[in-house]
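A.B. asks: Need a 3D model of the sequence below.
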Amino acid sequence: MNMSTEERIREQVAHLSESARRTVLDFVEQLAQRLRQEDLDWSAGSLSAALAGTEDDEWPEYGEADFKEKWR
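C.D. replies: All right, here's what the predicted structure looks like:
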């Protein structure tokens, strides 16, 4: 039988004390937060790279009359 990673984690955690389970949970939450932050950092860097060199470009200025729809 080939167990999935999630099943293997569940099996290992089931044998731990409550204190050790809290430690595992803390680790998983910190890992998830770090991965979310890495995604945010990558997105910001990607946007910066995409806009690099456009700092001096002239952009049109739009007013409310230019919008076809208004969001509430």
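A.B. asks: Tell me which stretches of this structure form helices.
C.D. replies: 5-14, 18-51 (DSSP state H).
A.B. asks: What about R10, how many residues nearby?
C.D. replies: 11 (other C-beta atoms under 10 Å). (Glycine included, C-beta is placed from N, CA and C.)
A.B. asks: same check, this time on V24
C.D. replies: 13.
A.B. asks: Relative to W59, how far out is it?
C.D. replies: To W59, V24 is 50 Å away according to C-beta to C-beta, to the nearest Å.
A.B. asks: go on, E7?
C.D. replies: Distance from E7 to W59, by C-beta to C-beta: 53 Å.
A.B. asks: who's more crowded, those two?
C.D. replies: E7 (11 against 6).
A.B. asks: related to what we said a few turns ago, tabulate the helices of the chain in CSV, adding columns for mean pLDDT and distance to E69.
C.D. replies: Formatted as CSV, those follow (pLDDT from 0 to 100; distance: least, C-beta to C-beta, whole Å):
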stretch, mean pLDDT, distance to E69
helix 5-14, 95, 44
helix 18-51, 90, 25
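A.B. asks: and the residue nearest in space to the middle of the chain, how far is that from E29?
C.D. replies: For the chain, the residue nearest the mean C-alpha position is R36 (3.0 Å; C-alpha atoms, centre = their mean). Going from R36 to E29 by C-beta to C-beta gives 11 Å.
A.B. asks: ditto for L51
C.D. replies: In terms of C-beta to C-beta, L51 sits 33 Å off from E29.
A.B. asks: just D39 next, same as before
C.D. replies: Counting by C-beta to C-beta, the gap from D39 to E29 is 16 Å.
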